[in-house]
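**Student:** sequence unknown, structure follows:
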């Protein structure tokens, strides 16, 4: 610690302390003689120092302690009021005094004697000393005597060891050592090396406490107990190089240059992950829409996204929804000539992908896999998550050169069959191939959801492995039964590391100046007469259940109760929704996209306004017919979509107004749904209307979802925040309402 307190001040305070220490002390009560029990050790440790060795923290702590002994000080000729007052210093002065005493004791313990033609070396355990003495040829440790033995013919090396570390010797030892030329100090220097294995740095060194502490401070480091080495992820190269420089680790010049290059590349990738343009030409991309004849071209920021994917090969394309992730992925495959390509997506998007390939990759063949046709050869093969595990072996046999998994958060659960299948398929993609994860919302609820996706991308080791990722970024806590990874921590660091590794993301506000902002509004309505009675009865039953079971209730039962309330609220709003839609259609000439959750709500509203709908039970052809009619027919002004079936991948830019009659569980579901309209091709301000049944569970869900937006943005865009799941918070809210 840097000394800032004047030496005279330290000397005076030391002398005052010494006057108390000279008396009998250690009493458990105030007897007016010497130190009391709690100050005895500290007081004597201070006196054991030279005043010049006292740190600022020790000096301040000593001054504070002496305030208890004003009477005794006066007997010894010291006035506490006249003692120089040192500046207050933060720090643990008592601990520093304890450490100083240990250093003194260790130094006094260092001795060498000569016994039967062997040097006997004694010292308190010190990792650096153990490492050095092991370098002496013939040295050995005697576990019974707790001493090191060094042969007489190694006197030259022992002399260097003794002189370097201030060992005490008697005349006989001194003469024996003086007769030999001391070995070069470098001969006893600890071996510390850094090597590179793939994308991982390997630190190898003998145990030394301060070096271990420094390595432990490196983000993502992990100890390999079998090899006795420390493994450092590629994302922490800069930290690792700093530790290596401070502690004189040996690094091959070529490896060091390679690591320094990696640091520079990571910084550049971080910049590129937000790039708005790039100088890139992708030959073979479509230039004219095959149906409309409209000119096609990559936007500048889309070229930058393709460049990022080509440079990283395994990455998230995580642009905000509506910025054309599909075309960036297809252009990346085309630019890298990574055919055949496999696209994995939700079932509702298979037809959309087929149309995008036809538009952007003229001449390339496609095949859509289903349970009947199975897998067939094509330039681009498209399969949905639901049947992936059944088709896995046949897909791997194709020998794909690239893999695109759209709406990648579908693979957030490591235990799910589709996630396991996707991992196996990704492993079969060659190193020179490409694996791209597409999502506008890579984190639906919490950072732990990134683990499985990073494993599929073969990027988890860049973060020190899944366990280190969970500890550092998921606010890992042990709850007594196991580890809880549902939290969020170090969000800014995670965002930066993702960007510097495998994550390109741009927001609409940054790259599409012509695209207007979205606006959100709430509409509070009353449930219809019969519906309110049924809802209140169910609500009373639900509250009674939570009052009795509390937080220990069965999760499935809790979800069932809450789902019933959501359904009744949705069905009870149908009349109000139709009234609002009628007013909207009468007062504007615009189109409207309506989202609901339950099929009963979708059916009732769609039947009132022409029947255009997209729901889970509809065939792909029926869905596409409804979408085409809504997009191209001026008289088709309303389309109703189920949030799961129609909330992702579809383009509905003929409308700029969205009505949510029911809500989902996450901000991502709503953002995705809103962005069916808020996409490239939209020229109007997009308004999202949320219809809430006043005094129902609607209000609770809406409020909790707005809070949840904070943590999603924290990881996706780099802001600090924490959160918990809407469902868990909703359970807590309902339980609190019963108390």
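**Tutor:** Thanks, I have it. This is a predicted model, so every value here is computed, not measured.
**Student:** Which residue ranges of the stretch 201-350 of the chain form helices?
**Tutor:** Here the stretch 201-350 of the chain has its helices, by DSSP state H, counting those that start in this stretch, at 209-216, 237-246, 253-272, 300-312, 325-335, 350-360.
**Student:** Make CSV out of these and add mean pLDDT.
**Tutor:** Formatted as CSV, the helices of the stretch 201-350 of the chain follow (pLDDT from 0 to 100):
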stretch, mean pLDDT
helix 209-216, 83
helix 237-246, 83
helix 253-272, 83
helix 300-312, 93
helix 325-335, 94
helix 350-360, 84
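**Student:** hey, which of those helices is tucked in deepest?
**Tutor:** Neighbour counts (mean count of other CB atoms under 10 Å) averaged over each of those peak at helix 325-335, with a mean of 25. Any C-beta I mention is one placed from the backbone N, CA and C, and that applies to glycine too.
**Student:** Now do that one and helix 300-312, the angle between them.
**Tutor:** 50 degrees (axes from the mean of the first three to the mean of the last three CA atoms, to 10 degrees).
**Student:** packing partners for helix 325-335?
**Tutor:** helix 300-312, strand 314-317, helix 350-360, strand 402-406, strand 434-438 (3 or more CB pairs under 8 Å, 6 or more residues apart in numbering; DSSP states H and E).
**Student:** and with 7 Å instead?
**Tutor:** Identification of packing neighbours for helix 325-335 by 3 or more CB pairs under 7 Å, 6 or more residues apart in numbering; DSSP states H and E yields helix 300-312, strand 314-317, helix 350-360, strand 434-438.
**Student:** chain center to the first one: distance?
**Tutor:** Centroid separation between helix 300-312 and its chain, computed with CA atoms, centre = their mean, to the nearest Å, is 23 Å.
**Student:** List the contacts of that helix.
**Tutor:** Helix 300-312 has contacts (CB atoms under 7 Å, 6 or more residues apart in numbering) with 269, 272-273, 275-278, 280, 282, 315, 317, 319, 324, 327-328, 331-332, 335-336, 434, 436, 502, 504, 506, 511.
**Student:** Give me the residues contacting stretch 610-627.
**Tutor:** 348, 350-351, 599, 602, 606, 629-630, 636, 638-642, 644-646, 650.
**Student:** Going through these, which ones are buried?
**Tutor:** Buried members of these, counted by 16 or more other CB atoms under 10 Å: 348, 350-351, 602, 606, 630, 636, 638-642, 645-646, 650.
**Student:** can you list the helices of the stretch 201-350 of the chain in a markdown table and add distance to residue 380?
**Tutor:** Listed next are the helices of the stretch 201-350 of the chain as a markdown table, based on distance: least, CB to CB, whole Å:
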| stretch | distance to residue 380 |
| --- | --- |
| helix 209-216 | 46 |
| helix 237-246 | 36 |
| helix 253-272 | 26 |
| helix 300-312 | 16 |
| helix 325-335 | 8 |
| helix 350-360 | 5 |
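**Student:** what's the closest of those to residue 490?
**Tutor:** helix 237-246 (14.0 Å; CB to CB).
**Student:** which helices and strands does that closest one pack with?
**Tutor:** Counting contacts by 3+ CB pairs under 7 Å, 6+ apart, helix 237-246 packs against helix 209-216, helix 253-272.
**Student:** just curious, which of the buried ones among the contacts of stretch 610-627 is nearest to residue 732?
**Tutor:** Nearest to residue 732 among those: residue 642, at 28.4 Å, using CB to CB.
**Student:** Let me know the pLDDT of the residue lying closest to that closest one once chain neighbours are set aside.
**Tutor:** Leaving out its chain neighbours, the residue that sits closest to residue 642 by CB to CB, 6 or more residues apart in numbering is residue 615, at 4.4 Å. Listed pLDDT for residue 615 reads 82.
**Student:** quick one: residue 615 from residue 438, how far?
**Tutor:** For residue 615, the distance to residue 438 equals 24 Å [CB to CB, to the nearest Å].
**Student:** What of residue 632?
**Tutor:** 26 Å.
**Student:** now residue 54
**Tutor:** To residue 438, residue 54 is 62 Å away according to CB to CB.
**Student:** neighbour-wise, which of these two wins?
**Tutor:** residue 54 (28 against 22; other CB atoms under 10 Å).
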